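Q: sequence and predicted structure are below.
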Amino acid sequence: MEWNKLLCGDRVRPIVKREGSNDLRSEFEKDYHRIIGSASFRRLQDKTQVFPLDQSDFIRTRLTHSLEVSSFCKSLGQNIARKIITEIKDESFELGFQQDICDILQCAGLLHDIGNPPFGHFGESVIREWFKDNLPGLCAPGSEKSLVEVLNPQMQNDFYHFEGNTQALRVVSKLHYLVDEHGMNLTKALLATIIKYPVSSLDVDKNSEDICRHKMGYYYADRELFKDIEDSCGLNGRRHPLTYILEAADDIAYRTADIEDSFKKGLISYDMLVRELEKRCYEDQSDHVYRDLIGTLKYRYGKGIEHGVSDPGEYAVQNWIVAVQGRLIYLATDSFASHYSEIMDGSFGSELLEGTEGKHIVDALGDIAVKYAFNSEQILKIEVSADRILRYLLDKLVPAAICYDTDAKQRPIDSRMISFISDNYKSIYHIYSEDKSEEEKLYLRLLLVTDYVCGMTDSYAKRLYQELNGLV
């Protein structure tokens, strides 16, 4: 792969530069302003990170998480670009590319969760399970054939392997209807960076040693767009190098934030955190990693006492989190440089922190968060509610969408359910379904439902459920 192609500033719809324009921004800087000003980005403020529908001003939402990922992305981009220039000395990497990759990564951090449905990753699993449970029992309009007899295998698998990551590409390239059907019309380098898994739903292999095959990266509906991005950036089926950096930034942000948020919610204490890390010292061969973590945490606690803070435990945890983030950024930077050749030839199939001390750190943080936060009664109750809300909405919306835009007779309830879907989403459906086969139109109508549901915030999904059930 070559950097001059990887950093492709072209857009699907070319922009004609006006003569005499004083706009000195690069194409990637323009992307940033398009994202920040979008309603899709703003909706992240009411989408779950860990604690759904939490009223605390401190606890993170998808919006604040995305801002943090964007910040880490930029830091990693700066560090890695400097290493490429000064240590790796790749002559094809021009000095101006340093700013370009920082701008692309900053934007990618903002976008990486923009396709997530309400109620976080649990919402994704509910949508997948609903289609696995119900798609075989639904019939095509005016036919006794099951949908699985009508839809081709890739169309079916798109719903069985539904992912917020995949939905992100649809949101920014189509669903954010601003000027036309090209959505935000972002640069192809940025679109390539947010495609974490460059495979279709037919090629997903969760057991593969190559992480790039663990999930799907694009829908059947977006196959032509994916091919265009791939060709323009010279990827040839490989993951964009900047995607590894985006993934590392996301891991660093959410692993550390989950601990801090859980502490603020009272689910984890300073003593519990020390105890859990000490336990790993005795159970794991990488005990030196945990000894360093414990030493830093206790040192921060001592500093809190020295400074006379009211809660030295809180002081210690918050400052320790910052130190851990810095350590992980260093380790991810070093790993990218160490594996530079493999990343650039497309043979690297791991996370950047894999095989480093950072892997032990993020795994420990993840295990602690699962033990004390994700399995807490508060979260489990909310997830049960989320399951009921999303399944109810899909129960009502999918049968309505199956008959939408066909000659089949619709029930009164179906036309009412379809009326709730945004006119913008329906316009996109009509644009992209024109001249398509009946099979593909049916598939696009099912996507219309997932597009609508994924665009919901947590509060909107809950409110709509309550209103439709006469609970308000």
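A: That came through fine.
Q: helix, strand or coil for residue 205?
A: Of the three states, residue 205 takes coil under DSSP: H, G, I helix; E, B strand; the rest coil.
Q: thinking it is in contact with residue 216, fair?
A: No. The criterion here is C-beta atoms under 8 Å, and residue 205 misses it with residue 216 at 10.6 Å. The C-beta positions use only the backbone N, C-alpha and C, and glycine is treated the same way.
Q: so the two - more neighbours on which side?
A: It is residue 216, of residue 205 and residue 216, that has more neighbours when counted by other C-beta atoms under 10 Å, with 25 against 12.
Q: so what's the more buried one up against?
A: Counting by C-beta atoms under 8 Å, 6 or more residues apart in numbering, residue 216 touches 157, 158, 161, 163, 166, 197, 199, 200, 201, 203, 204.
Q: let's go with 10 Å and repeat that
A: The contact partners of residue 216, by C-beta atoms under 10 Å, 6 or more residues apart in numbering, come to 154, 157-158, 160-163, 165-166, 196-204.
Q: of those, which belong to strands?
A: Using DSSP state E, no member of the contacts of residue 216 falls within strands.
Q: now list the buried members of those residues.
A: With neighbours counted using 16 or more other C-beta atoms under 10 Å, the contacts of residue 216 contain these buried positions: 154, 157-158, 161-163, 165-166, 196-201, 203-204.
Q: check these and tell me the two furthest apart.
A: Pairwise distances across the buried ones among the contacts of residue 216 (C-beta to C-beta) peak at 18.7 Å, for the pair 154 and 196.
Q: which ones are touching the closest residue in space to residue 440 that isn't next to it in sequence?
A: Leaving aside its chain neighbours, residue 440 sits nearest to residue 433 (7.2 Å; criterion: C-beta to C-beta, 6 or more residues apart in numbering). Applying C-beta under 10 Å, 6+ apart, we find residue 433 in contact with 221, 405, 440, 441, 442, 443, 444, 445, 447, 448.
Q: by neighbours, which of these wins?
A: Neighbour count (other C-beta under 10 Å) singles out residue 447 as the most crowded of the contacts of residue 433, with 27 neighbours.
Q: what packs against the host helix or strand of it?
A: Taking DSSP states H and E as the definition, residue 447 sits inside helix 438-454. In terms of contacts (3 or more C-beta pairs under 10 Å, 6 or more residues apart in numbering; DSSP states H and E), helix 438-454 is packed against helix 120-134, helix 147-150, helix 153-160, helix 164-170, helix 377-403, helix 412-419, helix 423-433.
Q: let's go with 6 Å and repeat that
A: Applying 3 or more C-beta pairs under 6 Å, 6 or more residues apart in numbering; DSSP states H and E, one finds that helix 438-454 contacts helix 377-403, helix 423-433.
Q: go through those and pick out the most buried.
A: helix 377-403 (a mean of 18; mean count of other C-beta atoms under 10 Å).
Q: that one to helix 120-134, inter-axis angle?
A: On the basis of axes from the mean of the first three to the mean of the last three C-alpha atoms, to 10 degrees, helix 377-403 is oriented at 50 degrees to helix 120-134.
Q: give me the most central residue, this structure.
A: The centre of the chain sits closest to residue 113, judged by C-alpha atoms, centre = their mean, with a distance of 3.2 Å.
Q: so what's it closest to, chain neighbours aside?
A: Here the residue nearest residue 113, using C-beta to C-beta, 6+ apart, is residue 62, at 5.0 Å.
Q: cross-check the contact I'm expecting between the one you found and residue 44.
A: Yes. In this structure residue 62 lies within contact range of residue 44 using C-beta atoms under 6 Å: 4.0 Å.
Q: what's the neighbour count on residue 281?
A: So residue 281, with other C-beta under 10 Å, has 15 neighbours.
Q: packing partners of the helix or strand that contains it?
A: Per DSSP H and E, residue 281 falls inside helix 270-283. Helices and strands touching helix 270-283, as assessed by 3+ C-beta pairs under 6 Å, 6+ apart, comprise helix 287-307, helix 312-338.
Q: out of those helices, flag the one nearest residue 8.
A: Closest among these, using C-beta to C-beta: helix 312-338, at 20.4 Å.
Q: low-scoring stretches of the stretch 101-250 of the chain, by residue?
A: Counting by pLDDT under 70, the ranges of the stretch 101-250 of the chain that qualify are 179.
Q: now with 90?
A: 119-122, 140-145, 176-183 (pLDDT under 90).
Q: which residue is the nearest non-sequential neighbour of residue 350?
A: residue 211 (6.2 Å).
Q: state the number of residues packed around the one you found.
A: 18.
Q: ok, now residue 116?
A: Neighbours of residue 116 using other C-beta under 10 Å come to 24.
Q: again, but for residue 314
A: 17.
Q: quick one: it and residue 298, what's the gap?
A: Using C-beta to C-beta, to the nearest Å, we find residue 314 at a distance of 15 Å from residue 298.
Q: do the same with residue 117
A: According to C-beta to C-beta, residue 117 stands 41 Å off from residue 298.
Q: between those two, point out the one with more neighbours.
A: Neighbours per residue, other C-beta under 10 Å: of residue 117 and residue 298, the larger number sits with residue 117, 27 against 15.
Q: so that one touches residue 125, yeah?
A: No. Using C-beta under 6 Å as the test, residue 117 is too far from residue 125 to be in contact (9.9 Å).
Q: contact partners for residue 2?
A: Listed by C-beta atoms under 6 Å, 6 or more residues apart in numbering, the contact set of residue 2 reads residue 234.
Q: cool, and residue 367?
A: With contacts taken as C-beta under 6 Å, 6+ apart, residue 367 has no neighbouring residues.
Q: mind telling me what element it is part of?
A: In the assignment (DSSP H and E), residue 367 maps to helix 357-369.
Q: JSON lines for the helices and strands packed on helix 438-454, including mean pLDDT?
A: Shown next, in JSON lines, are these (pLDDT from 0 to 100):
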{"stretch": "helix 377-403", "mean pLDDT": "92"}
{"stretch": "helix 423-433", "mean pLDDT": "93"}
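Q: as TSV, these with distance to residue 462 would be great.
A: TSV is the format used below for those (distance: least, C-beta to C-beta, whole Å):
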stretch	distance to residue 462
helix 377-403	6
helix 423-433	20
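Q: how near is residue 400 to residue 318?
A: 48 Å.
Q: my error: substitute residue 464 in the last question.
A: Note on residue 464: its distance to residue 318, by C-beta to C-beta, is 37 Å.
Q: low-confidence stretches in the stretch 251-400 of the chain?
A: Residues of the stretch 251-400 of the chain that meet the criterion pLDDT under 90 lie in 261-262, 264-267, 278-291, 370-383.
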